[in-house]
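K.L.:
Predicted coordinates and the sequence they were generated for:
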Amino acid sequence: MSDAEREPLDGAEVLWRRVHHTQWVPDSVTGEHRISSGAFTDPELSVDRATVHEESGRDHKATQADAPAVAAFAAQAAIDLGLQAVADPIPSNDAHALVLGAKSRSVQRALQKASTALT
Amino acid sequence: MTDLAIDRYTEIGTTTEWDWPPTFVAPQTLTEATFPRRALRHSRPDASASWATDGGFWFDTITPEVPVIHVDRSTAARAWFMPVLKALDGLYGLRPNWNGYGEAPVDLVNAARVISVLAATDFDGPAPSIVPLHDGGVQAEWHWGERHLEIQFLPGGSPAAWWCDASGEDEWEVAGRNAIERLRQYLATLAVTP
C-alpha cells in the first residue's frame, strides 16, 4: 500500500507500540522503569490502533505479547511533531498503523515524553 | 571511521577461551574479553581476519569466528565496564526482527564505540542501560530521577549525546568530537551524585 493510499488517522486515536525488554530501562533514583527514547527511532514506526483492537474486544495485551510494556500515545502527538499517522492494516493485524517520518533525537524524546507505559 | 580519535589502547596478546563469560584473568593482570561466537555471526559474517576501529580500538579474532576486544587495564577495571560488556553481548544475540517490527541486528563494530567513548571520558561510575535501535545502532542511557543522559551510536554516524535535568534550564545536545569533553564533565557528576 502506498503512502498516498493510507488513511490518515484522527489525532484523537491512541496508538500502541510494543516496548522490547531492552528498551524498558531503569531509573536509578526511583527504581521504576521507563520507556527509552530509543524505542521511537524507526522512520516507519509500526504501531497498533487502540480503537481497532478494542472494537474487537482486545486490550493492549494484544500488542504487548511477551514484552514488559506498551507505549501508548495519541496520534496527535505525532502529527504535532510533523509526522504522519496512517492506517496500514496487514493480514495478520488489522489494527496495524504507521507513524511515518524521520525522527530526530528531539522527536524521539518528544514521543517518549508523550507516551504512557501500559504494563 | 569515527571522528573520535582514541589513542590510549594497547593490544596485549591473545586469549585461549572464547565462550561467555569473557576471558578475564583479573583486570590487573590481563584485560581481554571475548564475545561468544554468536555475536560475530550476527554482526560480521565476513570477519575472518583482524580489523581496526576507532583509531586504536581493536577487534580481532583468535579463530576465524571469534572476536576479541582489547582494552587497557584501567578501562577494564572501571565500574561500568563488565556490565556494559555483558549488555552488549546480550544485544548481539538479538535476531533480525527482534521486536517484531523489522529491526536489524546490532552492529558489532558500532556497538563497541560505547566502550571507546566511555573510556575516553575517564568515567568510572555505574553502567548505563544499553538499548538497541531499530537500524542496528545502540544507545547508552542513564536516568537519575529528572536527570537524563543519552548517547546514541548510529551505524556510520558520529555519537550524539543529550543531557537534561529537572529544571529544563540545563539541556544540551552535542555530537562528534565535541561530545567527549562535555561527557567527561557531566559523567563526573553522575559518578559521585547518584
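P.N.:
Cool, the structure landed. Owing to the predicted nature of the structure, the values given are computational and were not obtained by experimental measurement. Numbering: from 1, shown residues only, chains lettered A, B, ... in the order given.
K.L.:
show me the contacts for B:V174.
P.N.:
Residues in contact with B:V174 (Cβ atoms under 8 Å, 6 or more residues apart in numbering or on different chains) are B:A160, B:A161, B:R182. Quick note: C-beta positions are derived from backbone N, CA and C, even for glycine.
K.L.:
what sits against the first one?
P.N.:
If a contact means Cβ under 8 Å, 6+ apart, then B:A160 has A:R105, B:I151, B:Q152, B:L154, B:E173, B:V174, B:A175, B:G176, B:A179 as its contacts.
K.L.:
In the sheet, which residues pair with it? Tell me.
P.N.:
Beta bridges link B:A160 to B:Q152, B:A175 when assigned by DSSP bridges.
K.L.:
circling back to that earlier point, what remains of the contacts of B:A160 if I keep only buried residues?
P.N.:
Buried subset of those (neighbour count, 16 or more other Cβ atoms under 10 Å in any protein chain shown): A:R105, B:I151, B:Q152, B:L154, B:E173, B:V174, B:A175, B:A179.
K.L.:
okay, who's weakest in those by pLDDT?
P.N.:
Minimum pLDDT for the buried ones among the contacts of B:A160 is recorded at B:A179 (81).
K.L.:
So which bits of chain B are right by chain A?
P.N.:
B:90-91, B:94, B:98-102, B:126, B:129-135, B:137, B:139, B:141-145, B:150, B:152, B:160, B:162, B:173, B:194 (Cβ under 8 Å from any Cβ of the partner chain).
K.L.:
are any of these buried, and which?
P.N.:
In these, burial by neighbour count holds for B:90-91, B:94, B:98-99, B:101, B:129-135, B:137, B:139, B:141-144, B:150, B:152, B:160, B:162, B:173, counting by 16+ other Cβ under 10 Å.
K.L.:
Out of those, name the ones that lie in strands.
P.N.:
B:129-132, B:139, B:141-144, B:150, B:152, B:160, B:162, B:173 (DSSP state E).
K.L.:
what about A:E7, how many neighbours?
P.N.:
As a burial measure, A:E7 scores 12 neighbours (other Cβ atoms under 10 Å in any protein chain shown).
K.L.:
re earlier: which pair in the buried ones among the contacts of B:A160 spans the largest distance?
P.N.:
B:L154 and B:V174 (15.0 Å; Cβ to Cβ).
K.L.:
Provide the backbone phi and psi angles at A:H21.
P.N.:
For A:H21, the backbone dihedrals (degrees, to the nearest 10) come out as phi -60, psi -30.
K.L.:
for it, what are its contacts?
P.N.:
Applying Cβ under 8 Å, 6+ apart, the residues contacting A:H21 are A:A67, A:P68.
K.L.:
Enumerate every residue touching B:D165.
P.N.:
With contacts defined as Cβ under 8 Å, 6+ apart, B:D165 is in contact with B:E146, B:R147, B:H148, B:E171.
K.L.:
run the last query once more with 6 Å
P.N.:
B:R147 (Cβ atoms under 6 Å, 6 or more residues apart in numbering or on different chains).
K.L.:
Same check on B:F153?
P.N.:
Counted by Cβ under 6 Å, 6+ apart, B:F153 has contacts B:N110, B:R113, B:G137, B:V138, B:P159.
K.L.:
The same query, at a cut-off of 8 Å, please.
P.N.:
For B:F153, the contact set (Cβ under 8 Å, 6+ apart) comprises B:N110, B:A111, B:R113, B:V114, B:V117, B:G137, B:V138, B:Q139, B:A140, B:P159.
K.L.:
From chain A, how far out is it?
P.N.:
Between B:F153 and chain A the distance is 11 Å, computed by Cβ to the nearest Cβ, to the nearest Å.
K.L.:
Tell me the pLDDT of that residue.
P.N.:
So, for B:F153, pLDDT stands at 91.
K.L.:
Low-confidence regions, chain A specifically.
P.N.:
A:1-5 (pLDDT under 70).
K.L.:
Can you give me every residue that contacts the residue nearest the centre of it?
P.N.:
In chain A, the residue lying closest to the centroid (Cα atoms, centre = their mean) is A:R17, at 3.3 Å. Taking Cβ under 8 Å, 6+ apart, we find A:R17 in contact with A:A39, A:F40, A:L45, A:S46, A:V47, A:D48, A:T63, A:V70, A:A71, A:A72, A:F73, A:S115.
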